[in-house]
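Engineer: predicted model and sequence below, questions to follow.
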Amino acid sequence: MTHPSPLIAITSGEPAGVGPELCVLLARRRWPVRPIVIGDLALIRERAGAIGEQVSVVEFQPQSSPIEGVLEVHHVPLASRSYPSRLDVTNAGYVLATLDEAIGGCVSGRFAAMVTAPVHKGVINDAGIVFSGHTEYLAERTATRRVVMMLVGGGMRVALATTHLPLSAVPAALTSELLRETIEILHRDLVQRFGIASPRILVAGLNPHAGEGGYMGREEIDVIVPVLEALRAEGLDLVGPLPADTLFVPDKLAGADAVLAMYHDQGLPVLKHASFGGGVNVTLGLPIIRTSVDHGTALDLAGTGKADPGSLHAALELAIAMAGKAREIRR
Ligand SMILES: NC(=O)C1=CN([C@@H]2O[C@H](COP(=O)(O)OP(=O)(O)OC[C@H]3O[C@@H](n4cnc5c(N)ncnc54)[C@H](O)[C@@H]3O)[C@@H](O)[C@H]2O)C=CC1
Ligand SMILES: NCC(=O)COP(=O)(O)O
């Protein structure tokens, strides 16, 4: 008996950005799952036309069998017609509706995972909706108290202890509770979602030279070291706190399964330098699987067909691998 291919939701993101056309390009490849784009059917057809892609775009019918080379779209209507590069606050609710559709489908088990094309945080906030990113939105919508953002690319996995907050707010946000829970989630998901039996995690310090014995900041002494010692006593393989400037040299990374950076721009520039266009953003700690592109809406490229689909492809590949691991665990 043949099993139907798992469905994976691909949210098409900000309609004026490159997300819709990157979704169109998914149809060029054969996937071992059934990718279902979530977005406005007419928009996806329009963007396929704009970039000269000859692909049949049809409305997703759960009862029908997938047809090779045909792009299936679960239709969520735009509020207003969208034009490449032209942000429109009236479509902010639409963007969130596509996310809600995918989240609901993952929670109910209809979708095996969700993959997100980029959204524009600014225009959603301009519409009067407080929104700092998918990561925080997914946590709220799935009632998950703590999630961890991790990027995968260039042979590295880089997780973040803090994400979208001003740099000046980072030290106060780095509490023992946050750090402990972040490391626990990272360790657990590396085991369960990535199949790494005993992950080794390199942990960065916050301050230059990891605080230089307290002369350049005390967060290492007061927060990071005590948390690492407590978790090591529970059997976790943690190295650090390491000075962030030399943590990413190849010798240090060899043998490590992941790096934990203390803030967004401590970890991500290194990873993006190594993998931009092919990196993947994963949200750990959720009850569902979510991966995403490593780039933003690229409004400067929207509608031109010049945007590189590599990161969306890598995000779908990783979601497929993670969904496969989840099926193995359930068996
Ligand atoms: N996963 C998500 O939803 C993400 C959303 N964003 C949002 O995107 C918006 C724009 O952010 P920016 O900082 O301008 O970053 P961006 O990634 O949109 O653009 C930065 C540069 O990278 C280029 N670029 C981006 N994606 C590309 C691709 N696929 N192929 C070729 N070149 C590409 C752009 O043309 C631009 O020159 C912001 O609102 C930001 O919050 C940013 C990162 C991730
Ligand atoms: N820098 C990563 C980013 O902005 C994407 O965040 P999210 O929307 O995946 O939470």
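Structural biologist: Good, I have the coordinates. Ligands and ions are numbered 1, 2, ... in the order given.
Engineer: strands of the stretch 101-250 of the chain, residue ranges please.
Structural biologist: All strands of the stretch 101-250 of the chain, identified by DSSP state E, counting those that start in this stretch, fall at 113-116, 148-153, 156-160, 200-204, 237-242.
Engineer: most tightly packed of those?
Structural biologist: Comparing those by mean neighbour count (mean count of other C-beta atoms under 10 Å), strand 113-116 ranks first with a mean of 28. Every C-beta, even on glycine, is put in place using the N, C-alpha and C of the backbone.
Engineer: run through the stretch 201-331 of the chain and note the low-pLDDT ranges.
Structural biologist: Within the stretch 201-331 of the chain, the stretches with pLDDT under 70 are 329-331.
Engineer: need the residues of it near ligand 1, please.
Structural biologist: 277, 281, 292-293, 295-298, 300-301, 307-308 (C-beta under 6 Å from any ligand atom).
Engineer: between those residues, which sits nearest residue 209?
Structural biologist: Ranked by distance to residue 209 (C-beta to C-beta), those are led by residue 281 at 29.1 Å.
Engineer: residues in contact with the helix or strand encompassing that closest one?
Structural biologist: Element membership of residue 281 [criterion: DSSP states H and E] is strand 280-284. Contacts with strand 280-284, where a contact means C-beta atoms under 8 Å, 6 or more residues apart in numbering, come from 134-135, 138-139, 147-153, 159, 185-186, 189, 193, 290-294, 311, 314-315, 318, 322.
Engineer: hmm, 7 Å instead?
Structural biologist: Applying C-beta atoms under 7 Å, 6 or more residues apart in numbering, the external contacts of strand 280-284 come out as 135, 138, 147-153, 159, 185-186, 189, 290-294, 311, 314-315, 318.
Engineer: repeat that for stretch 167-184.
Structural biologist: Stretch 167-184 is contacted from outside by 146, 148, 161-162, 165, 201, 206, 219, 223-224, 226-227, 231, 236, 238, 260, 262-263, using C-beta under 7 Å, 6+ apart.
Engineer: now the buried members of those residues.
Structural biologist: Among the contacts of stretch 167-184, those buried by neighbour count (16 or more other C-beta atoms under 10 Å) are 148, 161-162, 201, 206, 219, 223-224, 227, 231, 236, 238, 260, 262-263.
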